[in-house]
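Visitor: Predicted model, plus sequence, below.
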Amino acid sequence: MPELPEVEVTRRSVEPLVVGQIIRDVRLGKPLRWPLSCEPSSLVGSSIKAVRRRAKYLLLELDEGLLLIHLGMSGSLQFHRERAAPGPHDHFDLVLCSGLLRLHDPRRFGAVVWIRSPEDPLADKLLGAWGVEPLSDEFTVQALWRGLRATRAPVKQLLLAGRVVVGVGNIYACEALFRAGIRPTSRSDRIGMARVIRLHAAIRAVLLQALAAGGSSLRDFASVDGTLGHFQTQTMVYGRAGAPCRVCGTAIKVMQQAQRSTYFCAICQR
């Protein structure tokens, strides 16, 4: 699933291509996760003012309202300078003066939803429950400490839930916990302040490294121009079960947590 680094890489590559452009046409393919919530023709003539991101959603700010785009499990945005016939997995097209912005999603877990404003009840339903952005000033050590202290859940599951901090998906949670020296099964409320400080720094560092690497292309993700991310080639533990730890040499272990594979070093993470 595209996580924060992949969505932010997409945002950065989409922004210069679409901001200031007028929507000339809208094409819907097979139904996605949620309905568009407006008539496609009502978007024609609107201009795109900005491209923002909240958690794993892209927000295209229009003259009136916003388009929320979620890439789902396997989706990606593509941009074509010329009109291109849609394939079987192309489910949403925005035809602009500069070209065609297309959502490609083989599994159809993605979504494109129009909302009238950020105060719209639908916006609150989709975006209201998320935690703070990990690369923002709001993500402080104290905010992470309070979130951890409020639950007895295993720390990795807390990170994946996104209620305390958003965008720390499976690969990034494994990597951040390794850097912080914290066992993924550790109870959140028992993690002391010294380790909270390390985890806070590790989350930021891992996400910044992933952004610099163009995200992770584990299966389907590619940026708008088709470029693959390569953070997955730089991991310390993720995807390395049985391989020697890059720090202590012990074989990396893997276990299942909430139906997700968790990779860790039993020596470096206590």
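Guide: That came through, no problem.
Visitor: Could you say which helix or strand holds residue 268?
Guide: According to DSSP states H and E, residue 268 maps onto no helix or strand at all.
Visitor: how about low-confidence regions in the stretch 1-150 of the chain?
Guide: Counting by pLDDT under 70, the stretch 1-150 of the chain shows low-confidence ranges at 1.
Visitor: so where do the helices sit in it?
Guide: 4-18, 121-127, 141-149 (DSSP state H, counting those that start in this stretch).
Visitor: so of those, which one's packed in deepest?
Guide: Scoring the helices of the stretch 1-150 of the chain by mean neighbour count under mean count of other Cβ atoms under 10 Å gives helix 4-18 as the most buried, with a mean of 21. Every C-beta, even on glycine, is put in place using the N, C-alpha and C of the backbone.
Visitor: Residues touching it, excluding its own?
Guide: 2, 48, 50-53, 55-58, 60, 71, 76-77, 79, 94, 96, 98-99, 101, 134, 166-169, 172, 207, 210-211, 213-216, 221, 223-225, 229, 231 (Cβ atoms under 8 Å, 6 or more residues apart in numbering).
Visitor: switch to 6 Å and redo it
Guide: 48, 51, 53, 56, 58, 77, 79, 167, 207, 210-211, 214-215, 221, 223-224 (Cβ atoms under 6 Å, 6 or more residues apart in numbering).
Visitor: buried subset of these?
Guide: Buried subset of these (neighbour count, 16 or more other Cβ atoms under 10 Å): 48, 51, 53, 56, 58, 77, 79, 167, 207, 210-211, 214-215, 221, 223-224.
Visitor: mind putting the helices of the stretch 1-150 of the chain in TSV, distance to residue 267 included?
Guide: Listed next are the helices of the stretch 1-150 of the chain as TSV, based on distance: least, Cβ to Cβ, whole Å:
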stretch	distance to residue 267
helix 4-18	28
helix 121-127	40
helix 141-149	23
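Visitor: out of the ones you listed, which comes closest to residue 266?
Guide: Nearest of these to residue 266, taken as Cβ to Cβ: helix 141-149 at 21.9 Å.
Visitor: Tell me the helices and strands packed up against the closest one.
Guide: helix 193-212 (3 or more Cβ pairs under 6 Å, 6 or more residues apart in numbering; DSSP states H and E).
Visitor: Mind jotting down where the strands sit in the chain?
Guide: Using DSSP state E, the strands found in the chain span residues 23-28, 48-54, 57-62, 66-70, 76-80, 90-96, 100-104, 111-115, 253-257, 260-264.
Visitor: I'd like those strands as TSV, with distance to residue 15 appended.
Guide: Formatted as TSV, the strands of the chain follow (distance: least, Cβ to Cβ, whole Å):
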stretch	distance to residue 15
strand 23-28	16
strand 48-54	4
strand 57-62	10
strand 66-70	13
strand 76-80	11
strand 90-96	13
strand 100-104	11
strand 111-115	17
strand 253-257	35
strand 260-264	31
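Visitor: Which of these sits closest to residue 239?
Guide: The nearest among these, by Cβ to Cβ, is strand 260-264 at 6.8 Å.
Visitor: contacts for that closest one?
Guide: Here strand 260-264 makes contact (Cβ under 6 Å, 6+ apart) with 156, 170, 174, 184, 237, 238, 252, 253, 254, 255.
Visitor: ok, now stretch 105-125?
Guide: 32-34, 36-38, 65-75, 89, 91-92.
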